[in-house]
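Trainee: Here is a sequence with its predicted model. Questions after.
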Amino acid sequence: MKGTFPIDKFQEIQTPFYYYDTDLLRETLKTINTEVSKHEGFVVHYAIKANANPKVLNVICQAGLGADCVSGGEIQRCVETGFPSNKIVYAGVGKSDWEINLGLDKEIFCFNVESIPELEIINELAEKKGKVANVCFRINPNVGAHTNAKITTGLAENKFGIALEDMEKVIDEASKMKNIHFIGLHFHIGSQILDMGDFEALCNRVNDIQDQLEKHHIKIENINVGGGLGIDYQHPNRCPIPDFKAYFDTYAKLLKLRPGQKLHFELGRAVVGQMGSLITRTLYVKQGSFKQFAIVDAGMTDLIRPALYNAYHKIENISSEEATETYDVVGPICESSDVFSKAIDLNKCHRGDLIALRSAGAYGEIMASQYNCRVLPKGYIKEDF
C-alpha cells in the first residue's frame, strides 16, 4: 500500500522537496500527550535537531511540548517559534560562549553539562551576568543500545557525558559554585532504538545511580532520560505512530522515581519521522549491463542518511500503477555513495514520475547540504497545498 499524496499539486512544485503530513504529526502529538498524561511528573521536550522547519515547530509548540536544543541557533529558532524559555533544555559537548550567554539571557530551564571545564565556563559567564544557571549533569551510563554504531551515545568510548566514576566529584564541584544550581541528571543512550530492553537497562542503571547518591545524602529533582525511540522505516503505512504506550510504560514501571521528582524525555525522530517524505522526480531510466537505474533529481545532499548510515527508506513511485520492475534508485551527485537503494521493486518508472522516499521527516531536510552547489530542498506542510 502506498502513502496518500496530493500528486496533482506536487506537479506544480520544483523537486526535490520535503512534504510533511501535519495531520499525522498532530495525531502523533495527541498520542504522546495522551500517554504522558497517564504518568505523574512526565515531561516531554521535542529534540529540535530532528527537524527544525518553522512550520513543523509551530505545530509541535502548539501541542505544548518543550524543546531540546543542541546549539545556540536551535535555541534562537525555538524562541522565535514561541517555545517558552522555561521549557528549553540545552545539551551538547561543545557549547561556545555566545551560545551559553544566549541560554543565560533567555533564562532557559537548564543546561545539560558534559564536563567540569564546561561547568566552570557556565559559572564564570553566569557570574558576569549576575545570574544563576540551572544545570543537569549528563552522565555516561555505559549502557549499549541495539542500533547503528554511529548513533550510539551511552558507551564509555563515546564523546558524550561525564564518566560514572566522576559523577559525585562533579556534583560536589557544582555545590561550591555560587552561580550554578544543580537540578538533576541527564542520560541518553542512542537513537532509533526499538528494543525496549535497552530502555529497561537504562532504568536499572539510573536506579542504581540514585541509590548510590542517596547514600551520600544527594537528592535529585529531575531525571532526564533523553529520547531514542525509533520508528518503523520498513512499514510507514502500517506503523505510522510509534508505540509510545510501551515506551512510557517501560519507564513508569521500572524507573523508581522519588516523590515529586520529574522525569524528562527528549523525543525527536519518534515525533516527526513518519510524517515526512522526500519527493523527487525521475530524470532518466538507464539500462546498465546488469541492472536498471532510476536516476532521480534528489541526491545525498537532500537526504544523506542512506549514504551516511546505510539507512533504509521505503521508496514508492507515486505516479505509476504499472507492474513492478527492479531498479537501483540513484541521485545526480558525483559520488558513488549517492544511492538511495539498490535492487528494489518499483512500479515501472518513466521520466517525470514522482518518487517518494518515506519516513524522512527526521534528519532529512535539517541535514541537507549544498555540496555540488546544489540548492537546499524546501519543506512544505499539508496546509501549503
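Mentor: Arrived safely, thanks for sending.
Trainee: Pairing partners for the least confident helix or strand in the chain by mean pLDDT, with directions?
Mentor: Within the chain, no helix or strand scores below strand 162-163, which has a mean of 88 by mean pLDDT, DSSP states H and E. Using DSSP bridges, the strands paired with strand 162-163 are strand 133-140 (parallel).
Trainee: State the mean pLDDT of the partner strand.
Mentor: The average pLDDT within strand 133-140 is 95.
Trainee: Just the C-alphas of the helix or strand hosting His181, formatted as CSV.
Mentor: Secondary-structure element containing His181, defined by DSSP states H and E: strand 180-186. Extracted in CSV, the C-alpha atoms of strand 180-186 (Å, rounded to 0.1, in the frame of the first residue of the first chain):
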residue,chain,number,x,y,z
ILE,A,180,25.4,27.2,39.5
HIS,A,181,22.2,25.5,40.6
PHE,A,182,22.4,21.7,40.2
ILE,A,183,18.9,20.4,39.5
GLY,A,184,19.3,16.9,38.0
LEU,A,185,20.9,14.2,35.9
HIS,A,186,20.7,13.6,32.2
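Trainee: which helices and strands does that strand pack with?
Mentor: The contact analysis (3 or more CB pairs under 8 Å, 6 or more residues apart in numbering; DSSP states H and E) places strand 180-186 against strand 110-113, helix 116-129, strand 133-140, helix 167-175, strand 222-224, strand 262-267. In this view, the C-beta of every residue, glycine as well, is placed from N, C-alpha and C.
Trainee: May I have the secondary structure class of the closest residue in space to Pro240 that isn't next to it in sequence?
Mentor: Spatial nearest neighbour of Pro240, excluding adjacent residues (CB to CB, 6 or more residues apart in numbering): Gln274 at 4.9 Å. Classification of Gln274 by DSSP: H, G, I helix; E, B strand; the rest coil places it in helix.
Trainee: Quick one: residues contacting Gln274.
Mentor: By CB atoms under 8 Å, 6 or more residues apart in numbering, the contact set of Gln274 is Leu24, Thr28, Ile231, Asp232, Pro236, Cys239, Pro240, Ile241, Pro242, Arg358, Ser359, Gly361.
Trainee: And whichever strand or helix holds the first one, what's buried?
Mentor: Put plainly, it is Leu24. In this assignment (DSSP H and E), Leu24 forms part of helix 22-36. With burial defined by 16 or more other CB atoms under 10 Å, the residues of helix 22-36 counted as buried are Thr22, Leu24, Leu25, Arg26, Thr28, Leu29, Ile32, Glu35, Val36.
Trainee: measure the last one to Asp249 for me?
Mentor: It stands for Val36. Plainly put, Val36 is 11 Å away from Asp249 if you go by CB to CB, to the nearest Å.
Trainee: per-residue confidence for the residue of the chain most remote from its centre?
Mentor: In the chain, counting by CA atoms, centre = their mean, Ser289 sits farthest out from the average C-alpha position, at 40.3 Å. In the predicted model, Ser289 carries a pLDDT score of 85.
Trainee: Strands of the stretch 251-385 of the chain, residue ranges please.
Mentor: 262-267, 276-287, 292-296, 315-317, 324-330, 339-347, 354-357, 378-381 (DSSP state E, counting those that start in this stretch).
Trainee: Now mean neighbour count and distance to Ile180 too, for the ones you listed, in CSV please.
Mentor: Shown next, in CSV, are these (neighbours: other CB atoms under 10 Å; distance: least, CB to CB, whole Å):
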stretch, mean neighbour count, distance to Ile180
strand 262-267, 23, 19
strand 276-287, 20, 39
strand 292-296, 21, 51
strand 315-317, 22, 50
strand 324-330, 18, 51
strand 339-347, 17, 47
strand 354-357, 24, 45
strand 378-381, 19, 39
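Trainee: Turn those into CSV, including distance to Tyr18.
Mentor: Formatted as CSV, the strands of the stretch 251-385 of the chain follow (distance: least, CB to CB, whole Å):
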stretch, distance to Tyr18
strand 262-267, 20
strand 276-287, 6
strand 292-296, 14
strand 315-317, 15
strand 324-330, 17
strand 339-347, 15
strand 354-357, 10
strand 378-381, 4
